[in-house]
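**Q** Would you be able to build a 3D model of this:
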Amino acid sequence: MLELLFNYKNEFIILAWISAALLIISIAIIPWIVINIPQDYFHEHYRVRISKQSAHPLITRFLAGLKNVFGFIFVVLGILMLVLPGQGILTILMGLFFMNFPGKYRLERKLVSSPKVLKSLNWIRAKANKSPLVIE
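**A** Now for the predicted structure:
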């Protein structure tokens with residue numbers, strides 16, 4: 001085992017730096033996102049739609065694609081944080097919030113309905129004096 005550490009010393013150092021960076025990023029960004037989620041985001045009546053009249057269709061599609069890429073990066077980082085230090089489940093959840101795909105709303109509600117996840121999200125919101133998320 002010790003030989004493995006010596007043979008892959010540089011890789012372990014890089015992995016440690018990536019792990020530290022992910023931890024710092026998740027500690028900085030995730031609470032900000034959780035605090036800014038509307039309280040009734042998980043209600044049936046709260047569905048944000050991109051207006052097709054608001055901008056040129058290419059700009060709208062570009063921004064939607066950019067949002068999906070950003071969400072995908074969060075999901076990948078969250079998966080990494082399941083084995084590295086960081087808030088893996090919350091990061092995956094935030095990545096899913098950004099992405100657009102069929103069945104997204106059901107998946108979000110199922111994940112957030114988990115008592116541990118909901119308790120974590122509401123704890124973060126309580127620290128910022130925000131009302132708790134309401135699950136329908």
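
**Q** what stretches of the protein score poorly on pLDDT?
**A** Residues of the chain that meet the criterion pLDDT under 70 lie in 1, 44-55, 86.

**Q** Do a quick rundown of the helices in it.
**A** All helices of the chain, identified by DSSP state H, fall at 2-7, 9-36, 57-81, 88-98, 104-113, 115-127.

**Q** Go through these and pick out the most buried.
**A** helix 88-98 (a mean of 20; mean count of other Cβ atoms under 10 Å). To be clear about C-beta, it is placed using only N, CA and C from the backbone, and glycine gets the same treatment.

**Q** tell me the centre residue of the chain?
**A** residue 94 (1.9 Å; Cα atoms, centre = their mean).

**Q** Could I get the contacting residues of residue 67?
**A** 98, 99, 100 (Cβ atoms under 8 Å, 6 or more residues apart in numbering).

**Q** Backbone torsions only: list them for the second one.
**A** By that I understand residue 99. When read as degrees, to the nearest 10, the backbone of residue 99 gives phi -80, psi 160.

**Q** Setting aside sequence neighbours, what's the nearest residue to it?
**A** With sequence-adjacent residues excluded and distances taken as Cβ to Cβ, 6 or more residues apart in numbering, residue 99 is closest to residue 71, at 3.5 Å.

**Q** picking up where we left off before, adding distance to residue 116, write the contacts of residue 67 out as JSON lines.
**A** Formatted as JSON lines, the contacts of residue 67 follow (distance: Cβ to Cβ, whole Å):
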{"residue": "98", "distance to residue 116": "22"}
{"residue": "99", "distance to residue 116": "22"}
{"residue": "100", "distance to residue 116": "26"}
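
**Q** nearest to residue 65, of these?
**A** Residue 65 has its nearest neighbour among the contacts of residue 67 in residue 100, at 9.5 Å by Cβ to Cβ.

**Q** what about that closest one, distance to residue 56?
**A** As for residue 100, its distance to residue 56 is 19 Å (criterion: Cβ to Cβ, to the nearest Å).
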